[in-house]
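> Take a look and give me a structure for this.
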Amino acid sequence: MYDSILARSFSKHEQKKLGYVAIFCCFLIVLSFCTVFKPYLGPLPVLNLRLSIDVSGLKMLIVKDTSTSHLRLKDSTDSQPIEDIIPKKIDEPVCNITERSDFCEINNDIRIDGSSATVYFSSTHEANSSWNIRPYARKYDRVAMSRAKEWSVKSVQQRQLPQCTQNHSIPAIVFSSGGYSGNHFHDFSDILIPLYITSRQFNGEVQFLVTDKHSWWINKFQNVLRNLSNYEIIDIDKEKDIHCFPRGIVGLKRHEKELHIDPSTSPYSIKDFREFIRSSYSLKKATAIKLKDGQNKIKPRLLIISRKRTRTFTNTDKIAEIGRKFGFEVVVTEAESNLSRFAETVNSCDVFLGVHGAGLTNMIFLPEKAVFIQVIPFGGFEWLARTDYEEPSKRMNVRYLEYKIKIEESSLIQQYPIDHQVIKDPSSIGKQGWESI
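Have a look, this model is predicted:
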């Protein structure tokens with residue numbers, strides 16, 4: 001019936017055109033319907049849901065991890081992140097609250113306001129959530145953390161995001177050069193190694209934003225910083241602009257032990273870091289000379305670190321003289337402010353000798369299989385000596401030796417009577433705190 005009506009009213013060509021118009025109108029109607037109702041068609045949120053699944057005989061549970069912001073898939077025998085199976089949404093921040101350091105990794109565009117020390121991002125999953133972070137990687141030390149500025153990481157609705165005044169096309173990392181910066185041991189253990197762990201993945205295409213900035217610290221470690229980032233560092237505390245980035249990390253990742261990178265939780269190792277340092281300072285010596293009598297055409301070099309204020313040798317000349325008798329070329333020096341020059345000095349040596357202290361951190365510049373000798377002062381320093389230098393040196397493929405000072409070798413015996421607790425029970429001094437030690 002319809003065909004006869006259309007035949008009387010329209011020609012075959014006009015009928016064909018009319019059919020195309022009808023199809024196009026239907027397409028517009030469907031498109032309009034999808035646009036209007038799209039917000040209501042997404043997957044239902046999972047909130048504190050426990051769901052049992054049986055896959056090939058394995059019973060698993062999906063649970064909400066309250067310590068971080070991502071879901072995890074748990075097996076009764078093994079834990080596996082759910083992101084290995086279900087792709088993580090790009091706007092979901094990962095805020096890790098650990099014993100060593102706190103950091104937030106936000107895989108979405110962020111707005112950074114230095115004047116209020118606030119990082120904003122928009123998220124449908126963490127709306128109106130916030131975290132307070134001091135971006136210095138020694139969380140358990142109250143004194144150190146009191147010297148690092150506190151930052152807020154806030155999730156807000158899209159319309160509440162501050163307007164960008166400077167746009168960047170690369171990720172950002174916000175970290176503090178406060179804390180114990182200036183102490184060579186803490187420079188590496190608390191800042192440089194964590195910064196390497198956090199930023200190396202970007203291969204230089206990352207913007208550093210430093211809070212608590214010390215220009216002298218930036219200058220001292222410019223070789224390392226320039227090798228980690230291709231861009232000039234921004235002193236974010238002085239910025240009035242709102243800086244916008246496609247993603248960012250606030251705080252630094254740190255592993256449990258001092259001067260260490262755990263390869264089981266990181267794609268890098270302390271060996272990789274040492275190679276990176278060797279490259280940053282153009283250090284030439286990769287392996288130490290084998291110390292075998294009469295077989296070396298070149299004398300092995302012995303470096304003696306001579307402190308001038310505390311924990312100093314009182315017989316440095318005699319130590320050097322004995323070293324020369326054993327066939328060493330002896331270098332006696334104190335760690336200097338020109339780190340590039342001193343790194344070359346350390347790297348040129350085969351044996352490194354010094355009293356326990358921050359200057360021994362320069363063992364990082366030693367060639368592979370060099371000998372590191374730590375002189376441990378009298379008075380209960382053994383645990384510090386072991387944690388700070390013995391264990392790290394062994395992980396760096398450096399041969400470790402130590403010499404413990406006896407009381408008759410210590411100048412303490414000239415300052416205190418023999419029955420004083422400093423000499424009789426030095427561990428009791430340690431219980432009084434670091435300043436007493």
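> So E258 is in contact with D190, correct?
No. E258 is not in contact with D190 according to C-beta atoms under 8 Å; the separation is 9.2 Å. Heads up, the C-betas are built off the backbone N, CA and C, glycines and all.
> now the stretch 151-300 of the chain, which segments are flagged as low pLDDT?
Across the stretch 151-300 of the chain, residues meeting the criterion (pLDDT under 70) sit at 292-296.
> residue boundaries of the strands in it?
The residue ranges that make up the strands of the stretch 151-300 of the chain, judged by DSSP state E, counting those that start in this stretch, are 151-156, 166-167, 172-176, 207-211, 234-235, 242-245, 248-250.
> Same list (these) but as JSON lines, adding mean neighbour count and distance to S199.
Rendered in JSON lines, the data for the strands of the stretch 151-300 of the chain read as follows (neighbours: other C-beta atoms under 10 Å; distance: least, C-beta to C-beta, whole Å):
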{"stretch": "strand 151-156", "mean neighbour count": "21", "distance to S199": "17"}
{"stretch": "strand 166-167", "mean neighbour count": "12", "distance to S199": "20"}
{"stretch": "strand 172-176", "mean neighbour count": "26", "distance to S199": "6"}
{"stretch": "strand 207-211", "mean neighbour count": "22", "distance to S199": "8"}
{"stretch": "strand 234-235", "mean neighbour count": "18", "distance to S199": "14"}
{"stretch": "strand 242-245", "mean neighbour count": "22", "distance to S199": "14"}
{"stretch": "strand 248-250", "mean neighbour count": "27", "distance to S199": "8"}
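> what are the ranges of the helices in this structure?
Ranges of helices within the chain are 2-9, 12-37, 142-146, 184-186, 193-199, 215-220, 222-228, 270-280, 316-325, 339-347, 382-385, 391-395, 421-424, 426-430, based on DSSP state H.
> wait, which of those helices is closest to Y120?
Comparison of the helices of the chain against Y120 by C-beta to C-beta identifies helix 193-199 as nearest, at 20.7 Å.
> what's the distance between the most centrally placed residue in the chain and L259?
For the chain, P194 is the residue whose C-alpha lies nearest the centre (C-alpha atoms, centre = their mean; 2.3 Å). According to C-beta to C-beta, to the nearest Å, P194 and L259 sit 11 Å apart.
> go on, C104?
When C-beta to C-beta is the yardstick, C104 and L259 sit 25 Å from each other.
> how about TSV for the helices of the chain, with distance to S122 added?
Listed next are those as TSV, based on distance: least, C-beta to C-beta, whole Å:
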stretch	distance to S122
helix 2-9	53
helix 12-37	21
helix 142-146	29
helix 184-186	36
helix 193-199	23
helix 215-220	32
helix 222-228	29
helix 270-280	35
helix 316-325	62
helix 339-347	42
helix 382-385	46
helix 391-395	42
helix 421-424	59
helix 426-430	50
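> so which of those helices is the most packed in?
Compared across the helices of the chain, helix 193-199 shows the largest average neighbour count, a mean of 24 (mean count of other C-beta atoms under 10 Å).
> just checking, what packs against that one?
If you count contacts as 3 or more C-beta pairs under 8 Å, 6 or more residues apart in numbering; DSSP states H and E, helix 193-199 packs onto strand 172-176, helix 222-228, helix 270-280.
> Go ahead and confirm I242 touches N167.
No. Taking contacts as C-beta under 8 Å, I242 lies outside contact range of N167: 9.7 Å.
> quick revisit: is it possible to export the strands of the stretch 151-300 of the chain to JSON lines including distance to E329?
Formatted as JSON lines, the strands of the stretch 151-300 of the chain follow (distance: least, C-beta to C-beta, whole Å):
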{"stretch": "strand 151-156", "distance to E329": "50"}
{"stretch": "strand 166-167", "distance to E329": "54"}
{"stretch": "strand 172-176", "distance to E329": "40"}
{"stretch": "strand 207-211", "distance to E329": "40"}
{"stretch": "strand 234-235", "distance to E329": "44"}
{"stretch": "strand 242-245", "distance to E329": "51"}
{"stretch": "strand 248-250", "distance to E329": "45"}
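> so which of those strands gets nearest A144?
Ranking those by their distance to A144 (criterion: C-beta to C-beta) puts strand 172-176 first, at 9.8 Å.
> quick one, which of the strands of the stretch 151-300 of the chain is nearest to Q432?
Taking C-beta to C-beta as the criterion, strand 172-176 is the member of those that comes nearest to Q432, at 29.3 Å.
> what angle separates the closest one from strand 207-211?
Angle, strand 172-176 to strand 207-211, by axes from the mean of the first three to the mean of the last three C-alpha atoms, to 10 degrees: 30 degrees.
> Mind listing the strands strand 172-176 pairs with, and their directions?
Based on DSSP bridges, the strands next to strand 172-176 in the sheet, each with its direction, are strand 207-211 (parallel), strand 248-250 (parallel).
> which stretch among those strands comes nearest G19?
Proximity of these to G19 was assessed by C-beta to C-beta; the nearest stretch is strand 248-250, lying at 53.9 Å.
> Which residues outside the closest one are in contact with it?
By C-beta atoms under 8 Å, 6 or more residues apart in numbering, the list of residues contacting strand 248-250 from outside reads 103-106, 110, 112, 119, 133, 135, 151, 153, 171-174, 198.
> Try it again at 10 Å.
Here strand 248-250 makes contact (C-beta atoms under 10 Å, 6 or more residues apart in numbering) with 93-95, 102-112, 119, 121, 131, 133, 135, 151-153, 168, 170-175, 198-199, 201-202, 206-207, 209, 211.
> Off-centre distance for that strand?
Relative to its parent chain, strand 248-250 has a centroid offset of 11 Å by C-alpha atoms, centre = their mean, to the nearest Å.
> got it, and stretch 182-194?
The gap between where stretch 182-194 is centred and where its chain is centred comes out at 11 Å by C-alpha atoms, centre = their mean.
> send the alpha carbons of stretch 114-126 over as PDB?
Included here for stretch 114-126 are C-alpha records, laid out as PDB according to Å, rounded to 0.1, in the frame of the first residue of the first chain:
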ATOM      1  CA  GLY A 114      53.200  27.900  44.800                       C
ATOM      2  CA  SER A 115      51.800  30.900  46.800                       C
ATOM      3  CA  SER A 116      49.500  28.600  48.800                       C
ATOM      4  CA  ALA A 117      51.700  25.400  48.500                       C
ATOM      5  CA  THR A 118      48.800  23.600  46.900                       C
ATOM      6  CA  VAL A 119      48.500  21.000  44.100                       C
ATOM      7  CA  TYR A 120      45.000  20.800  42.600                       C
ATOM      8  CA  PHE A 121      43.600  18.100  40.400                       C
ATOM      9  CA  SER A 122      40.100  17.000  39.200                       C
ATOM     10  CA  SER A 123      38.900  13.500  39.900                       C
ATOM     11  CA  THR A 124      35.500  11.700  39.800                       C
ATOM     12  CA  HIS A 125      36.800   9.100  42.200                       C
ATOM     13  CA  GLU A 126      38.400  11.200  44.900                       C
END
